[in-house]
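Engineer: sharing a model prediction with you, sequence too.
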Amino acid sequence: RFERRSVVIAGVQGGVGLLLAARMAYISVAENEKYKMEAESNRVNLALIPPRRGWILDRNGAPLASNKADFRVDIIPDRMQDPAREIDTLGSLLRLTPVEIQDLKDKIDDARGWQPIEVASGLDWNSFAAVSVRLPDLPGVVPQRGYSRFYPTGPSVGHLIGYVGAASAQEYEKEKIPLLVTPGFKLGKDGIEKEFEQTLRGKPGARRMEVTATGRIVRDLETRDDVQGQSIKLTIDGPLQDYAARRIGLESGSVVVIDCHTGDLLCMASMPSFDPNSFSDGIGRIEWKMLSDDDHVPLRNKVLKGLYPPGSTVKPMVSMAFLEAGHDPHATTVCNGGLRVGNRVFHCWNHRGHGVVDMAKAIYQSCDVYFYHFAQQLGMDVIAPMARRLGMGQEFPLPVASQFYGTVPDPAWKLKKYGREWQPFDTV
């Protein structure tokens, strides 16, 4: 009986041994590639290299937006173990102000976990190295060498060129690619930068690195360079754009210069503006509040989104409409400083009046009464078509995200919108 029990136990042990041996053979031979890949992934890390954006050039080939090499530090909130401690450590290493530290903590609270957040850019080597050597104690912190966007003329091209920034959650939902959540990558947020994003973006590079279990880089194994985006050339004249912006200065206004022969836009300046370098580097709360609270509205592109009454600039246009309708330019009326229409008096800017006025005098002295008088006779159906021919109330085919445009009123418009007939005082 004892011998039989020994044989059974030995058989079971042998069977288990055979099963283990078979399993080991299967793992080492049949699944060799699988585990080799998993072991390799534990040892090797693959990181994307953000591509350099294409330059934006003016008509003469001078850069309006370019790239500059820099050292930067980003953080990925999902990978941080103790965000408050790590931010305080970074603040000490990078000499961040209390306001900058608080801004950073606020951004972490508001951001999606995977979304990279810029801590600082344009760092010197010593600051960059100080962070790099402490990486084992700073999980989620990503120091890197790369390129940042640079706008040489700053605010003068803010509204025209726009700016770049890290991808938002909404942008990632529209285009779910790893590049958008790569630390250091920025895409166009406004203006030309946004409208030509795919042209300017380029193709990312890649870097294979040997790392330790804590994520410290041991050595680079292989690097594939990025492909820079294509540059684009605008019809804008850079020096003219800068000159127009400086001439407006602190006043609120805009300047558009068009080549009448070719239709080229030579200048499209809106002031006051913002510095796109600040937005691209990550604007702080104080600067954002100053821009938001400014009564001159520097965040509004007055060229594309400012709607204003045209005032006396329409008088030559109205004169053209009169002439096309057969009006005699030598026909006169008397300006006594105002014109009564029904029970209301419409005043001329010169309350003393201009006396006898013909078309030429009405234009060079900007007499309102002359145009009040003859507009009543000829009607708005004469004036409105000319206004539209000259571009009023039109949306133009420009490479911009959006634009506002006004209304050229006429009898058909009033009837459709308000259900009422046009009256003589409407024309005046």
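Structural biologist: Done, it's in.

Engineer: tally up the residues packed near the closest residue to Ala245 other than its chain neighbours, please.
Structural biologist: Excluding the flanking residues, the one nearest Ala245 by Cβ to Cβ, 6 or more residues apart in numbering is Ser156, at 3.6 Å. Placement of C-beta: from N, CA and C, glycine included. By other Cβ atoms under 10 Å, 25 other residues sit near Ser156.

Engineer: list the contacts for Ser156?
Structural biologist: Gln241, Asp242, Ala244, Ala245, Arg246, Ala269, Ser273 (Cβ atoms under 8 Å, 6 or more residues apart in numbering).

Engineer: and the residues you listed, which are buried?
Structural biologist: Among the contacts of Ser156, the ones that count as buried by 16 or more other Cβ atoms under 10 Å are Gln241, Asp242, Ala244, Ala245, Ala269, Ser273.

Engineer: hang on, the earlier thing: so of the contacts of Ser156, which ones are in helices?
Structural biologist: Using DSSP state H, the members of the contacts of Ser156 that fall in helices are Gln241, Asp242, Ala244, Ala245, Arg246.

Engineer: dump those residues into a markdown table; add distance to Pro183 as well.
Structural biologist: Listed next are those as a markdown table, based on distance: Cβ to Cβ, whole Å:
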| residue | distance to Pro183 |
| --- | --- |
| Gln241 | 33 |
| Asp242 | 33 |
| Ala244 | 38 |
| Ala245 | 34 |
| Arg246 | 37 |
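
Engineer: which among those residues gets closest to Lys416?
Structural biologist: Looking at the ones in helices among the contacts of Ser156 and their distance to Lys416, the nearest is Ala244, at 38.9 Å (Cβ to Cβ).

Engineer: returning to what we had before: need the buried ones among the contacts of Ser156 in JSON lines with distance to Ala69 and pLDDT, can you?
Structural biologist: JSON lines is the format used below for the buried ones among the contacts of Ser156 (distance: Cβ to Cβ, whole Å; pLDDT from 0 to 100):
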{"residue": "Gln241", "distance to Ala69": "26", "pLDDT": "96"}
{"residue": "Asp242", "distance to Ala69": "25", "pLDDT": "96"}
{"residue": "Ala244", "distance to Ala69": "31", "pLDDT": "96"}
{"residue": "Ala245", "distance to Ala69": "28", "pLDDT": "95"}
{"residue": "Ala269", "distance to Ala69": "30", "pLDDT": "95"}
{"residue": "Ser273", "distance to Ala69": "26", "pLDDT": "93"}
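
Engineer: need the residues you listed in TSV with distance to Glu175, can you?
Structural biologist: Formatted as TSV, the buried ones among the contacts of Ser156 follow (distance: Cβ to Cβ, whole Å):
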residue	distance to Glu175
Gln241	31
Asp242	34
Ala244	36
Ala245	33
Ala269	32
Ser273	29
